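Student: no sequence for this one, just the structure:
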């Protein structure tokens, strides 16, 4: 699409109306600029950014990120978790939990007749009720992160839910049990 730290590219990508913005660029200077521009375009969005260097974490937070994941720290945590969890059994990386500083992202399948089936993001109002948010939907083999209040969830969808450990637990307790 273009340079991820260019305002026109961010507007074309839908940052102004997004509820969740992921900034994952290969250069931390561009991550800082993209975060700063995204925050200016959409003050209410939750911004998760990737820091390529641990030294950039504070700067990215100051630019407006809500959560910053250090590439090296997250990769180390993920590898350690996968190694510990996979001893003596078959593991699937895509089902693992990704840990960021203060945020967890989990994938969950929506069953027919569940409390999530045929509900819109607006009806669920997860951000207000629990504090977590649906940041992605896999439907029919296609993944989208373009989610708005009118987006309706359906049985068969797999959703990515982002939030704190406590928020994710509350979400699972209320909607998946």
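Tutor: Here it is on my side, so go on. Everything numeric here is computed off the predicted structure, so don't read it as measured data.
Student: Show the contacting residues for residue 4.
Tutor: Counting by Cβ atoms under 8 Å, 6 or more residues apart in numbering, residue 4 makes contact with 10, 23, 25, 30, 34. The C-beta positions use only the backbone N, C-alpha and C, and glycine is treated the same way.
Student: pLDDT wise, what is it at?
Tutor: pLDDT for residue 4: 81.
Student: And residue 111, by the same measure?
Tutor: So residue 111 comes in at 93 (pLDDT).
Student: Burial check on the nearest residue to it once chain neighbours are set aside, number of neighbours?
Tutor: Leaving aside its chain neighbours, residue 111 sits nearest to residue 155 (6.1 Å; criterion: Cβ to Cβ, 6 or more residues apart in numbering). Residue 155 is flanked by 13 other residues according to other Cβ atoms under 10 Å.
Student: ditto for the one 10 residues further on
Tutor: Here the count is done by other Cβ under 10 Å, and residue 165 has 13 residues near it.
Student: got the domain boundaries for the protein?
Tutor: 1-101, 102-175 (automatic domain parsing).
Student: Mind telling me which of those domains the model trusts least?
Tutor: For those, where the average pLDDT is lowest is domain 1-101, sitting at a mean of 79.
Student: which residues touch residue 152?
Tutor: 118, 119, 120.
Student: quick one: the residue nearest to residue 111 and residue 147, what's the gap?
Tutor: Residue 155 is 17 Å from residue 147, where distance means Cβ to Cβ, to the nearest Å.
Student: so what's residue 63 up against?
Tutor: Counting by Cβ under 8 Å, 6+ apart, residue 63 has contacts 32, 33, 35, 36, 39, 49.
Student: picking that back up, of the contacts of residue 4, which is the most crowded?
Tutor: That'd be residue 34 among the contacts of residue 4, by other Cβ under 10 Å, with 29 neighbours.
Student: Distance check, that one against residue 139.
Tutor: Distance from residue 34 to residue 139, by Cβ to Cβ: 27 Å.
Student: mind pulling up the phi and psi values for residue 36?
Tutor: Main-chain dihedrals, residue 36, degrees, to the nearest 10: phi -60, psi -50.
Student: coming back round to it: which among the contacts of residue 63 gets closest to residue 56?
Tutor: Closest approach to residue 56 among those (Cβ to Cβ): residue 32, at 7.1 Å.
Student: got the buried residues for the strand or helix carrying the closest one?
Tutor: Applying DSSP states H and E as the criterion places residue 32 in helix 28-41. Across helix 28-41, burial judged by 16 or more other Cβ atoms under 10 Å covers 28, 30, 31, 32, 33, 34, 35, 36, 37, 38, 39, 41.
Student: Quick one: list the elements packing against that helix.
Tutor: Here helix 28-41 touches helix 7-12, strand 20-23, strand 46-51, helix 57-62, going by 3 or more Cβ pairs under 8 Å, 6 or more residues apart in numbering; DSSP states H and E.
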